[in-house]
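1. Have a look; sequence and predicted model below, questions after that.
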Amino acid sequence: MRLALYTGIILAGGYTCLTPALAADPTGDWRVADGVANIRVAQCNGSMWGAVSWEKQPGGRDQNNPDVSKKNRPTLGMPTLIDMKKKSGVDQWEGQVYNAQDGQTYSATITPIGTDQLEIKGCVMGFLCGGETWTRVGPPIPLSTANAMAKGGAPKPAGAAPKTQGAQATTGATAPAPAPAPKTAAAAKPGQKGVADQVGDICLLPEIAGFAH
């Protein structure tokens, strides 16, 4: 049984330039097997979570969800990998996967295969297992405030600018204010919300931050 994880929507962009990835790191953006979506995987609150980060056909809705209140929720940003925890002694995480094709949630595992493939397997009641392999389209997720806290640390703040001794201390005159540094465009970082990234840090998505699906 082939595990289809998504309805017919998603993927038309993706990252074209990849940085070297670390083995056994499932974080990053992944293209599902049938090419309709990108799933962003990040470590949130100590577990791996995945959410739809790009759609080939924008505007999808979770119409097969058995929860009536969620049938109209956008599939973009929708959690797919749920609270997946690291298994001891192996590079594998286990938890749940939400299948938008039938609106059901299954037991599942994710396993990095090398640096550029992610194997996902799901089972119904411990049997009838199926799976597929996703392909990396974006580098591992860099530390953000939310992810750093989830991993037990916090980003190191930038060092304070060195203090300069003004002319007033020696001459009594007020030193002229230094010219402001020229503004440069901030480099876009994967996993951070921007013009071309409508999802951003998935750890901040309400359904993931609140541990609800």
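-> Cool, got the structure.
2. who does residue 82 bridge with?
-> Residue 82 has these beta-bridge partners by DSSP bridges: residue 96.
3. meant to ask about residue 110, not that
-> According to DSSP bridges, beta-bridge pairing links residue 110 with residue 93, residue 120.
4. Count the residues that sit near it.
-> By other Cβ atoms under 10 Å, the residues close to residue 110 number 25. C-beta here means a position set from N, CA and C on the backbone, and glycine is covered the same way.
5. show me the contacts for it.
-> Taking Cβ atoms under 8 Å, 6 or more residues apart in numbering, we find residue 110 in contact with 26, 41, 48, 50, 81, 84, 92, 93, 118, 119, 120.
6. any idea which helix or strand comes after the helix or strand of the chain with the lowest mean pLDDT?
-> Every helix and strand in the chain was compared by mean pLDDT, DSSP states H and E; the lowest is helix 168-171, with a mean of 43. Tracing the chain C-terminally past helix 168-171 and defining elements by DSSP states H and E, one meets helix 206-209 next.
7. export that next one as PDB, just CAs?
-> Coordinates of each C-alpha in helix 206-209 appear next as PDB, following Å, rounded to 0.1, in the frame of the first residue of the first chain:
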ATOM      1  CA  PRO A 206      -0.500  28.000  16.100                       C
ATOM      2  CA  GLU A 207      -1.300  24.300  15.600                       C
ATOM      3  CA  ILE A 208       2.300  23.300  16.200                       C
ATOM      4  CA  ALA A 209       3.000  25.800  18.900                       C
END
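8. in that helix, what's buried?
-> Within helix 206-209, the residues that count as buried by 16 or more other Cβ atoms under 10 Å are 207, 208.
9. now do stretch 73-89
-> Buried residues in stretch 73-89 (16+ other Cβ under 10 Å): 73, 75, 76, 77, 78, 79, 80, 81, 82, 83, 84, 86.
10. Quick check: mean pLDDT of it?
-> What stretch 73-89 shows for mean pLDDT is 96.
11. how far away is residue 85 from residue 110?
-> Using Cβ to Cβ, to the nearest Å, we find residue 85 at a distance of 11 Å from residue 110.
12. Now the common contact residues for the two.
-> Taking Cβ under 8 Å, 6+ apart as the criterion, residue 85 and residue 110 both touch 48, 93.
13. Low-confidence stretches in this protein?
-> Scanning the chain for pLDDT under 70 picks out the ranges 1-23, 126, 143-195, 212-213.
14. Which residue ranges of it form strands?
-> Shown for the chain, the strands assigned by DSSP state E span residues 28-31, 37-44, 47-55, 79-86, 93-99, 104-113, 117-124, 127-136.
15. Turn the ones you listed into a markdown table, including distance to residue 68.
-> Shown next, in a markdown table, are the strands of the chain (distance: least, Cβ to Cβ, whole Å):
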| stretch | distance to residue 68 |
| --- | --- |
| strand 28-31 | 30 |
| strand 37-44 | 24 |
| strand 47-55 | 21 |
| strand 79-86 | 18 |
| strand 93-99 | 16 |
| strand 104-113 | 15 |
| strand 117-124 | 23 |
| strand 127-136 | 27 |
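16. Dump the buried residues of stretch 73-89 into JSON lines; add distance to residue 127 as well.
-> Below are those laid out as JSON lines (distance: Cβ to Cβ, whole Å):
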{"residue": "73", "distance to residue 127": "30"}
{"residue": "75", "distance to residue 127": "28"}
{"residue": "76", "distance to residue 127": "32"}
{"residue": "77", "distance to residue 127": "32"}
{"residue": "78", "distance to residue 127": "27"}
{"residue": "79", "distance to residue 127": "25"}
{"residue": "80", "distance to residue 127": "22"}
{"residue": "81", "distance to residue 127": "21"}
{"residue": "82", "distance to residue 127": "20"}
{"residue": "83", "distance to residue 127": "22"}
{"residue": "84", "distance to residue 127": "20"}
{"residue": "86", "distance to residue 127": "24"}
